[in-house]
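Student: fold the stuff below for me.
(one chain, ligands or ions: 1)
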Amino acid sequence: MLTKKTVLSTLLACIIGFAGFAQAEQKFIKTTDGTEFKFDNPKGFGDTKKKDNVKTKAEIEFLKTGKNIYVGDAEAEKRGKKRFGYWSCTQCHGPTAKGQVGPGLVGPTFKYPKNATNKGMIETIWFGTDGGMGGKGYGVMAADDGMTLDELLKTIAWVRTNGSSGLTGNENVK
Ligand code: HEC
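Tutor: Got it, this is the predicted structure:
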């Protein structure tokens with residue numbers, strides 16, 4: 001029989017459980033070996049124009065929900081296009097990310113299906129793959145080199161503009 005007390009404590013557990021869930025960060029999984037990783041290098045954050053390593057609004061939102069708020073933001077996409085060139089993505093994936101030595105990145109299908117999502121694509125680019133794509137994340141390329149999460153979000157926002165399927169990578173997030 002349910003007493004008032006058990007009902008109340010169950011309710012309380014639900015509320016606490018829900019709050020914990022709402023605050024939890026996303027889990028990030030390497031595309032290489034399927035193990036979990038964290039964005040825990042402070043230098044891997046921030047707007048590269050400011051060079052201050054202060055977490056941007058976009059980074060905070062991405063860590064919490066997996067959403068890339070730069071998708072559809074023309075200024076961010078323009079910057080992302082420049083970073084795509086700066087980090088030599090162009091050399092392997094072509095000037096409009098449709099493929100060259102490396103595969104096309106505009107989808108809607110991908111070698112690694114999770115790259116249809118922005119979270120999946122970040123996991124792939126941060127640590128690389130076992131099939132010829134080196135990791136580009138900060139501290140992964142070399143101990144003191146690499147992209148910040150913010151510039152990778154901008155780069156991916158631009159990559160998404162080149163597809164004709166309307167894929168944004170944010171389809172599965174709120
Ligand atoms: C030296 C060449 C090279 C450079 C530079 C490079 N890539 Fe790649 N990339 C590849 C290759 C090769 C693959 C295929 C890897 C595989 O099959 O595992 C790949 C795969 C990918 C994938 C997965 C595609 C899929 O279909 O699942 C993404 C996303 C990606 N690269 C993004 C980038 C971005 C963004 C940059 C720049 C920051 C970049 N790459 C720089 C060679 C490169």
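Student: get me the contact residues on this protein for the ligand.
Tutor: 87-89, 91-93, 101-103, 105, 110-112, 115, 121, 124-125, 129, 131-133, 136, 155 (CB under 6 Å from any ligand atom). Where C-beta positions appear, they are placed from N, C-alpha and C, glycine not excepted.
Student: just the ones of these in helices?
Tutor: Those of the residues of the chain next to the ligand mapping onto helices are 89, 91, 92, 93, 121, 124, 125, 155, per DSSP state H.
Student: skip the chain neighbours and tell me the closest residue to the residue of the chain found nearest the ligand.
Tutor: The ligand sits closest to residue 131 of the chain, with a gap of 2.3 Å, by CB to the nearest ligand atom. In space, not counting the residues next to it along the chain, residue 131 is nearest to residue 111; the distance is 7.7 Å by CB to CB, 6 or more residues apart in numbering.
Student: again, but for residue 113
Tutor: Distances taken as CB to CB, 6+ apart put residue 120 closest to residue 113, at 7.7 Å, once the chain neighbours are dropped.
Student: and residue 102, by the same measure?
Tutor: On the basis of CB to CB, 6+ apart, the spatially nearest residue to residue 102 that is not a chain neighbour turns out to be residue 92, at 3.7 Å.
Student: on that earlier part again, relative to residue 49, how far out is the residue nearest to residue 113?
Tutor: 27 Å (CB to CB, to the nearest Å).
Student: more neighbours: the two, which one.
Tutor: residue 120 (20 against 9; other CB atoms under 10 Å).
Student: give the contact list for that one.
Tutor: Contacts were defined as CB atoms under 8 Å, 6 or more residues apart in numbering; by that measure residue 120 touches 31, 112, 113, 114.
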